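Engineer: Output the structure for:
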Amino acid sequence: MSGHSKWKNIMHKKEKTDKQRAGIFTKIGREIVLAVKAGGPDPESNGRLKDVILKAKANNVPNDNIERSIKKAAGDEENVNYEEITYEGYGPAGIAVIVEAVTENRNRTAADVRHYFDKYGGNLGQTGSVNWQFTKKGVIVIDKEEYSEDKLMEDVLDLDVEDYAVEEEVYEIYTAPDMLSPVCEALEKKGYSFLSAEVEQVPSTYITLTDEEQIKNMQKLLEHLEDNDDVQNVWHNWDEQ
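Structural biologist: Numbers count the residues shown, from 1 in each chain. This next block holds a predicted model:
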């Protein structure tokens, strides 16, 4: 669930072990719980829940898991008080990093996140220290092999999209955060499926690392953050070429 070089990250996710996949399912389950508690169990009236369901399906979370998480949250079966916390900091060579966490133990999560930054050549900053370098956008990623560029361009022309990019192996469509679900629904009706569809923190500029030690440390920082059970999303402006 990392930002930028989206296709590389998707490929990386596909290669994850069953244990790591289970971790992704658990994290999305927490997002569903928070969304239901904030706006109710009906995705038609709860835009946040609708967006999380989109994300869940793009990550191949089974429908049974999604429905079970919604019912659990609506019935308050777990009775766990989760808290959403966002951390901001810098990785090696000033790479901007935003960490979104959901936890029932703020002190544990903060200590873990700070430890990862310190260990791999970064530092945790204050709120607002890096988020000015990012903009929230709905990001839809579509496999380039499945659809022609001309057809996709024609189909998105009449939709409320902000931008459109053709990458080496994928198409990327950008929307305002609240337009992600409507655009996805319109594309699904036209027969499209998505490699990824979620609201992301998109950086305004990117940094390329050339030093092997810095690259290694940045990779380790991201790996440890993403493997932490409390961390939901990690966004950064490292250009992973």
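
Engineer: pretty sure residue 101 contacts residue 111?
Structural biologist: No - contact between residue 101 and residue 111 fails when scored by CB atoms under 8 Å: they sit 11.9 Å apart. C-beta here means a position set from N, CA and C on the backbone, and glycine is covered the same way.

Engineer: Who has more neighbours out of the two?
Structural biologist: residue 101 (25 against 10; other CB atoms under 10 Å).

Engineer: packing partners for whatever helix or strand residue 115 lives in?
Structural biologist: Taking DSSP states H and E as the criterion, residue 115 maps to helix 106-119. In terms of contacts (3 or more CB pairs under 8 Å, 6 or more residues apart in numbering; DSSP states H and E), helix 106-119 is packed against strand 83-90, strand 96-103, strand 123-124, helix 212-227.

Engineer: got the buried residues for it?
Structural biologist: Neighbour counts over helix 106-119 (16 or more other CB atoms under 10 Å) mark 109-110, 112-113, 116-117 as buried.

Engineer: a helix runs through residue 54, doesn't it?
Structural biologist: Yes - Residue 54: assigned to a helix according to DSSP: H, G, I helix; E, B strand; the rest coil.

Engineer: What is the neighbour count of the closest residue to it other than its chain neighbours?
Structural biologist: Spatial nearest neighbour of residue 54, chain neighbours left out: residue 197 (4.7 Å); criterion: CB to CB, 6 or more residues apart in numbering. The number of residues packed near residue 197 is 26, by other CB under 10 Å.

Engineer: Hmm, residue 197 is touching residue 180, no?
Structural biologist: Yes - look at residue 197 against residue 180 with CB under 8 Å: they come within range, at 6.7 Å.

Engineer: Need the overlap of contacts for those two.
Structural biologist: Counting by CB atoms under 8 Å, 6 or more residues apart in numbering, the common neighbours of residue 197 and residue 180 are 54, 138-140.

Engineer: just so I have it, where are all the helices in the chain?
Structural biologist: Ranges of helices in the chain, per DSSP state H, are 6-14, 18-39, 47-58, 63-75, 106-119, 149-156, 180-189, 212-227.

Engineer: and the second one, what other elements does it pack with?
Structural biologist: With contacts defined as 3+ CB pairs under 8 Å, 6+ apart, helix 18-39 has these neighbours: helix 47-58, helix 63-75, strand 96-103, strand 231-236.

Engineer: what's the domain layout of this structure?
Structural biologist: With domains defined by automatic domain parsing, the chain comprises 6-75, 84-127+205-236, 133-203.

Engineer: among the helices and strands packed on helix 106-119, which is nearest residue 32?
Structural biologist: Nearest to residue 32 among the helices and strands packed on helix 106-119 is strand 96-103; the distance by CB to CB comes to 10.8 Å.

Engineer: For the helices and strands packed on helix 106-119, give me JSON lines that also has distance to residue 236.
Structural biologist: What follows is those, written out as JSON lines (distance: least, CB to CB, whole Å):
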{"stretch": "strand 83-90", "distance to residue 236": "10"}
{"stretch": "strand 96-103", "distance to residue 236": "5"}
{"stretch": "strand 123-124", "distance to residue 236": "14"}
{"stretch": "helix 212-227", "distance to residue 236": "7"}
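
Engineer: Noted, bye for now.
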